[in-house]
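J.: coords below, sequence missing:
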Ligand SMILES: Nc1ncnc2c1ncn2[C@@H]1O[C@H](COP(=O)(O)OP(=O)(O)O)[C@@H](O)[C@H]1O
Ligand SMILES: [Mg+2]
């Protein structure tokens, strides 16, 4: 299972990506979370402290990895297949929530066509990472939609597009949906987050209906999420938080075949 999480900045991608990765780990998967945001912050959501998070070397700065994958002696000729085992053993950081974390680091726009080594390795990791049945990979993507080329579309089983009731975030969700759909991605789902009341939930539902988006779930707003983040703790360890429970339910929904929506 390989799931990508996208959406406007601040809508809750990192909380949801982290919660899914944790949920997959708890369900017995070898769970890998890939932080592909150029301002990475998934580490703390997965339970690492500030100091530990700061120590992580992003893939784009990992000279040894770049050398081993791109040092074929021929310029532009790279060895770019990865298995989860290789990556987990050599380049991931294990986290208190049982998830192995890989931080990509800053890459130039995926759409720029730059085949410089860090870009090539990150692209390859996203696209060619071979995932076995007992493995789950969750990608925390950045707001930009440059990642969504045909290669990424083929490589991902499902993409969750996160939005709140703010029309701007819904418009970005639709844009991402249309790009991903044009790239051939089939399993695209809208997830409403930070939902404070029924009116906000209804606004998200009606936007989805009018614009042909499939609504997978509505995750409620919970002040305790903000408080945990403020204290540098991960909200994901607080099982009493309804938002955290809903994200866990999304894990089950994704594991059904076919995927079953919790809302719609
Ligand atoms: N369901 C929720 N209830 C309350 N606060 C939330 C919820 N989801 C996310 N947040 C808060 O919103 C902010 C942005 O969340 P984050 O996951 O970092 O978004 P993104 O990765 O999309 O930028 C954080 O401060 C987080 O604590
Ligand atoms: Mg984020």
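T.: Nice, thanks for sending it over. From a predicted model like this one, the values you see are computed outputs, not experimental measurements. Residues are numbered from 1 along each chain as shown. Ligands and ions are numbered 1, 2, ... in the order given.
J.: name the helix or strand of this structure that has the lowest mean pLDDT.
T.: helix 150-155 (a mean of 69; mean pLDDT, DSSP states H and E).
J.: immediately after that one, which helix or strand?
T.: strand 158-163 (DSSP states H and E).
J.: nearest to ligand 2 within the stretch 101-250 of the chain, name that residue for me.
T.: residue 140 (6.0 Å; Cβ to the ion). No exception for glycine: its C-beta is placed from N, CA and C like everyone else's.
J.: beta-bridge partners for that residue, please?
T.: residue 5, residue 35 (DSSP bridges).
J.: for it, what are its contacts?
T.: 5, 13-14, 17-18, 33-37, 42 (Cβ atoms under 8 Å, 6 or more residues apart in numbering).
J.: JSON lines for those residues, including neighbour count, distance to ligand 2 and pLDDT?
T.: Putting those into JSON lines (neighbours: other Cβ atoms under 10 Å; distance: Cβ to the ion, whole Å; pLDDT from 0 to 100) gives the following:
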{"residue": "5", "neighbour count": "27", "distance to ligand 2": "9", "pLDDT": "94"}
{"residue": "13", "neighbour count": "26", "distance to ligand 2": "5", "pLDDT": "96"}
{"residue": "14", "neighbour count": "23", "distance to ligand 2": "3", "pLDDT": "97"}
{"residue": "17", "neighbour count": "30", "distance to ligand 2": "8", "pLDDT": "98"}
{"residue": "18", "neighbour count": "31", "distance to ligand 2": "9", "pLDDT": "98"}
{"residue": "33", "neighbour count": "32", "distance to ligand 2": "12", "pLDDT": "95"}
{"residue": "34", "neighbour count": "28", "distance to ligand 2": "12", "pLDDT": "91"}
{"residue": "35", "neighbour count": "28", "distance to ligand 2": "8", "pLDDT": "92"}
{"residue": "36", "neighbour count": "27", "distance to ligand 2": "10", "pLDDT": "86"}
{"residue": "37", "neighbour count": "22", "distance to ligand 2": "5", "pLDDT": "84"}
{"residue": "42", "neighbour count": "27", "distance to ligand 2": "7", "pLDDT": "96"}
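J.: can you tell me which two in those residues are farthest apart?
T.: Pairwise distances across those (Cβ to Cβ) peak at 13.4 Å, for the pair 18 and 36.
J.: remind me, longest strand of the chain?
T.: Scanning the chain for the longest strand, with DSSP state E as the assignment, gives strand 188-195.
J.: who's in contact with that strand?
T.: Under Cβ under 8 Å, 6+ apart, the answer for strand 188-195 is 11-12, 15-16, 158-165, 173, 177, 180-181, 200-201, 204-205, 208, 213-221, 243, 250, 259, 261, 263.
J.: now it against strand 158-163, angle please.
T.: 40 degrees (axes from the mean of the first three to the mean of the last three Cα atoms, to 10 degrees).
J.: and the following helix or strand past strand 188-195 with strand 158-163, angle?
T.: Remark: after strand 188-195, the chain's next helix or strand is helix 198-211, criterion DSSP H and E. With the same axes, to 10 degrees defining the directions, helix 198-211 sits at 130 degrees from strand 158-163.
J.: after helix 198-211, heading C-terminal, what element do we hit next?
T.: strand 215-220.
J.: quick one: strands adjacent to that following strand?
T.: Assessed with DSSP bridges, strand 215-220 is paired to strand 188-195 (parallel).
J.: and the strand it pairs with, what's buried?
T.: For strand 188-195, the neighbour count (16 or more other Cβ atoms under 10 Å) marks 188-195 as buried.
J.: quick one: that strand near ligand 1?
T.: Yes. Contact between strand 188-195 and ligand 1, assessed by Cβ under 6 Å from any ligand atom, occurs at 193-194.
J.: low pLDDT regions in the protein?
T.: Scanning the chain for pLDDT under 70 picks out 69-81, 107-117, 119, 143-153, 264.
J.: this completes my enquiry, with thanks.
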